[in-house]
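A.B. asks: just need the structure, nothing else, for what follows:
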Amino acid sequence: MNASQRLDTTFAALADPTRRAILARLARGETSVMELAEPFAMSQPAISKHLKVLERAGLVSRRREAQRRPVRLEPRPLAAANDWLETYRSFWEARFQRLDALLDTLKAPAGKPRAAKPRKS
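C.D. replies: Predicted structure coming up:
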């Protein structure tokens, strides 16, 4: 799977609020499928289906410990998605700086343009 396909799979997995909630829970530490299912109004098989989507995206992994199959968060795909999103940060910051400058110009009394304030990151 190439980098573009991995991003597609990651974002598709993150598109569902239940899967995002599962990842938020796993960010606190590994747990069992039963424990993951507790806060949701759905069956364990339904949670397992969500986990399979997250596993295919590489966002979670499961291992066997006797009768227990703990689930853990795998952060690498999230880091890759974050890196991709970061490439657009400068684009949006430049847009916000231009908007701030325009708003400062509109607020200035007629004939007295103000200098734009530097924007904090």
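
A.B. asks: show me where this protein has strands.
C.D. replies: Ranges of strands in the chain, per DSSP state E, are 60-62, 71-73.

A.B. asks: just put those in JSON lines and tack on mean neighbour count, mean pLDDT and distance to residue 3.
C.D. replies: (C-beta placed from N, C-alpha, C; glycine too.) Formatted as JSON lines, the strands of the chain follow (neighbours: other CB atoms under 10 Å; pLDDT from 0 to 100; distance: least, CB to CB, whole Å):
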{"stretch": "strand 60-62", "mean neighbour count": "18", "mean pLDDT": "94", "distance to residue 3": "20"}
{"stretch": "strand 71-73", "mean neighbour count": "18", "mean pLDDT": "95", "distance to residue 3": "21"}
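
A.B. asks: out of those strands, flag the one nearest residue 32.
C.D. replies: The closest of the strands of the chain to residue 32 is strand 71-73. By CB to CB, the value is 7.1 Å.

A.B. asks: with just CA atoms, put stretch 27-46 into CSV.
C.D. replies: Output for stretch 27-46, consisting of C-alpha atoms alone and laid out as CSV, is shown next (Å, rounded to 0.1, in the frame of the first residue of the first chain):
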residue,chain,number,x,y,z
ALA,A,27,-5.0,6.6,24.0
ARG,A,28,-5.3,6.0,27.7
GLY,A,29,-3.9,2.5,27.4
GLU,A,30,-4.7,-0.9,26.0
THR,A,31,-7.9,-2.7,27.0
SER,A,32,-10.1,-5.6,26.1
VAL,A,33,-12.9,-5.6,23.5
MET,A,34,-15.4,-6.1,26.3
GLU,A,35,-14.2,-3.0,28.1
LEU,A,36,-14.2,-1.0,24.8
ALA,A,37,-17.8,-2.0,24.1
GLU,A,38,-19.1,-0.9,27.6
PRO,A,39,-19.8,2.8,26.9
PHE,A,40,-21.4,2.1,23.5
ALA,A,41,-25.0,1.1,22.9
MET,A,42,-23.9,-1.7,20.5
SER,A,43,-23.0,-5.3,20.7
GLN,A,44,-19.5,-6.7,21.0
PRO,A,45,-19.7,-8.0,17.4
ALA,A,46,-20.5,-4.4,16.2
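
A.B. asks: all set now, cheers.
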